[in-house]
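J.: One predicted model, sequence on top.
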Amino acid sequence: MTRKRIHLAAHFPGVNNTTVWTDPRSGSQIDFASFVHLARTAERGKLDFFFLAEGLRLRELKGRIHDLDVVGRPESLTVLSALAAVTDRLGLAGTVNATFNEPYELARRLSTLDHLSGGRAGWNVVTTSDAFTGENFRRGGYLDRADRYERAAEFVRLSRELWDSWRPDAVAADQAAGRFVREGAIGTVEHQGAHFSIGGRFTLPRSPQNHPVIIQAGDSAEGREFAAAHADVIFTGHGTLEDGRRFYADVKSRLAGYGREPHQLKIMPGVTFALGDTEEEAAENAAEIRRAQVGPQTAIAFLEQVWGRDMSAYDPEGPLPDLDPDLSDGVSQGRVAIKDRAAVAAKWRALAEEKSLSIRELVIEVTGRQTFIGTPATVARLIDEHVQADAADGFILVPHLTPGGLDEFVDRVVPLLQERGAFRTDYAGTTLRDHLELA
Ligand SMILES: Cc1cc2nc3c(=O)[nH]c(=O)nc-3n(C[C@H](O)[C@H](O)[C@H](O)COP(=O)(O)O)c2cc1C
C-alpha cells in the first residue's frame, strides 16, 4: 500500500470557546500582526494553507450578544489579500457565503486573490444554517436548505464559467506578439439558471490556478453531495478515528457518481491538540486548557442552549438543577441548532448523575477533549495513523491561542512528521492546488 502524504492547515482562532481569552498570552483577533504571526508560523511549518472562518451576524444568547463575539471578526478576503503580500507559498483560504453573495462579484474577488497571491486562493463555500443571519441581507424570504445548496452549486458552476471565459492561448498569443489582448480572446458568458442570470464578459484573465480551490463545510446529506460534486477539500468536525473513517468512506463513495476519483477530494477534519514533555504533562495541559475553555459563564451558556431557559441563577460549580428543558423556541440565535434538545438534556443528566459532575464539569466532559493529546512524538504518530487508516487526508489545526497557538506544533510536531516521511520538508510547487496534490 502506498503511504499517504499528510495535508495540514492552520485555522485562525475564532469566536468560539475553543479560543481561550483569559490566557495572558492571548492577543487581538483583528490586529493584522496576529494574522501575520499565525500565517508566517504556518508557512515556516510548510503547511498547505491558512484558513479563516466567517460569521455574518453576531450570535445572541437570551437576546444578548454572545460574549465571545464582542472581539469582532474582519472580512476574510480582505485579510487574505493583505497576507498574500507577507507570505510566499502558503495557501490562503477564506469562508465566504454562497447564499448572500453574487457570483460575478465574488468570482472577481477570488480571482483577484488568486492573481495577487500567485495561485494560492481557496474558497470555503458555506450556505449558513439560519434565517437569523439572513436578516442582515435584504432578500425578502429565506432560502430553505435544499434551495441553499442548489444555489451554491449553481454559484460554483457559474463562477467556474467566469474563471474559464478568457482563452489563455489567444491571450498568450496576443501578449507574445506585443499587442493588446483582442476581443476574441475574451469569451462571453451567457447563463440563465434558476438563481442567476448573467450575460457578459468577465473582467479578469485566467488566474494561476484557473479555479481557486473549493472547500465545503456542511454536514447534511445535501452538503455531502455538494462536496462530492464540486469541492476539492471538506472541512469537517468528524475528527476521531472511528467517526472519521465512517465519514471518509461515506464521502469518498459519493465521488464516483460525479465521475470523480477519491484523491480529487481531500478530507480535512478540524482538530485540537495539547502537547507536553511527558504524557502526564500533556494530559495536565489538556485538562487545564479545557477548564479555561469552559469557564463558569461558558458552562451556563452551554446549558442554556440545551435547556432553552435562563439558567444564570444556578451555580456553575454546583449540581445540575432538577428542571426540564423548555422545548419551545431556543434561546440561542446564530449557532448551528442542537437537533434533539430533549434527548441531549436526558443524556447530560444521566452522565452528571453517574459521575457526580457539577454543571461546569459536565460541560467540560460533553464538549469534548482535544483530538490529539501527548508528547510531540505521540501526536505525530497519532496524526500519521489517522491519515494512513483513512480517517482523514490531513487536518485543519485549531489552536486555542491567538496568535501563538501554532508555534509549539510547528516547532516540535512538524519536524517529527517530516522525519517519519509523512509530511513535506519543503513546498514542491507554488500553488495551493500543488500543495494539496490536486493539480
Ligand atoms: C466544520 C464546519 C465549519 C463551518 N464553518 C462555518 C463558517 O465559518 N461560517 C459559516 O457561515 N458556516 C460555517 N459552517 C456551516 C456550514 O457551512 C453550513 O452552512 C451548515 O452546517 C448548514 O449546512 P448543513 O445542513 O449541510 O450542515 C461550518 C460547518 C462545519 C461542519
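T.: Noted; the coordinates are in hand.
J.: What strand or helix carries the nearest residue to Lys46 once chain neighbours are set aside?
T.: Among residues not flanking Lys46 along the chain, Arg424 sits closest, at 5.2 Å (CB to CB, 6 or more residues apart in numbering). Every C-beta, even on glycine, is put in place using the N, C-alpha and C of the backbone. Taking DSSP states H and E as the definition, one finds Arg424 inside no helix or strand.
J.: next one: Ala229
T.: Element membership of Ala229, judged by DSSP H and E, is helix 221-230.
J.: Local confidence estimate at Val336?
T.: For Val336, the pLDDT comes out at 62.
J.: mind showing which ranges of the stretch 1-150 of the chain have poor pLDDT?
T.: Applying pLDDT under 70 to the stretch 1-150 of the chain flags the ranges 1, 67-70, 129, 138-141.
J.: now the strands for it?
T.: If DSSP state E, counting those that start in this stretch is used as the criterion, the strands of the stretch 1-150 of the chain fall at 7-11, 49-52, 60-61, 64-65, 91-97, 121-126.
J.: Kindly tell me how buried the residue nearest to Lys46 is, as a neighbour count.
T.: 19 (other CB atoms under 10 Å).
J.: before we move on, back to that, any residue of the helix holding Ala229 touching the ligand?
T.: Yes - against the ligand, helix 221-230 shows contacts by CB under 6 Å from any ligand atom at Glu222, Gly223.
J.: go on, stretch 49-59?
T.: Yes - residues of stretch 49-59 contacting the ligand under CB under 6 Å from any ligand atom: Ala53, Glu54.
J.: could you dump that stretch to CSV, C-alpha only?
T.: In CSV, the C-alpha atoms belonging to stretch 49-59 read as follows (Å, rounded to 0.1, in the frame of the first residue of the first chain):
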residue,chain,number,x,y,z
PHE,A,49,-3.0,26.6,3.9
PHE,A,50,-4.1,29.3,6.3
PHE,A,51,-7.9,29.2,7.0
LEU,A,52,-10.4,31.8,8.0
ALA,A,53,-14.0,31.1,9.2
GLU,A,54,-16.8,33.6,8.7
GLY,A,55,-19.7,34.9,10.7
LEU,A,56,-22.2,37.4,9.2
ARG,A,57,-24.3,38.1,12.3
LEU,A,58,-23.2,38.4,15.9
ARG,A,59,-24.7,35.4,17.7
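J.: My guess is Ala439 contacts Thr430. True?
T.: No - Ala439 is beyond contact range of Thr430, at 10.3 Å (criterion: CB atoms under 8 Å).
J.: Name the residue in the two with the higher neighbour count.
T.: Thr430 (16 against 12).
J.: quick one: contacts of the lengthiest helix in the chain?
T.: Assignment by DSSP state H gives helix 145-163 as the longest helix of the chain. Applying CB atoms under 8 Å, 6 or more residues apart in numbering, the contact partners of helix 145-163 are 98-99, 101, 103-104, 106-108, 110-111, 125, 127-128, 143, 189, 191, 193-196, 198, 202, 206-207, 210-212, 214, 218, 220, 222-223, 225-226, 229-230.
J.: swap in stretch 383-395?
T.: Looking at stretch 383-395 with CB under 8 Å, 6+ apart, the contacting residues turn out to be 3-4, 6-9, 48, 239-245, 248-249, 266-271, 371-372, 413, 417, 420, 422.
J.: Could you list the buried residues of it?
T.: Ile383, Asp384, His386, Val387, Ala391, Ala392, Asp393, Gly394, Phe395 (16 or more other CB atoms under 10 Å).
J.: Which of those sits closest to Arg349?
T.: Ala391 (31.3 Å; CB to CB).
J.: The closest one should be in a helix, yeah?
T.: No - Ala391: not assigned to a helix; according to DSSP: H, G, I helix; E, B strand; the rest coil it is coil.
J.: For the closest residue in space to it that isn't next to it in sequence, list the residues it contacts.
T.: Once flanking residues are discounted, Ala391 sits nearest to Gly244: 3.2 Å by CB to CB, 6+ apart. The contact partners of Gly244, by CB under 8 Å, 6+ apart, come to His238, Ile267, Pro269, His386, Ala391, Ala392.
J.: Any regions of the stretch 301-439 of the chain where pLDDT drops low?
T.: 330-331, 334-337.
J.: That one: strands as residue ranges?
T.: 332-333, 372-374, 394-397.
J.: For the first one, which outside residues touch it?
T.: Applying CB under 8 Å, 6+ apart, the external contacts of strand 332-333 come out as Arg59, Glu60, Leu61, Asp130, Phe132, Glu304, Gln305.
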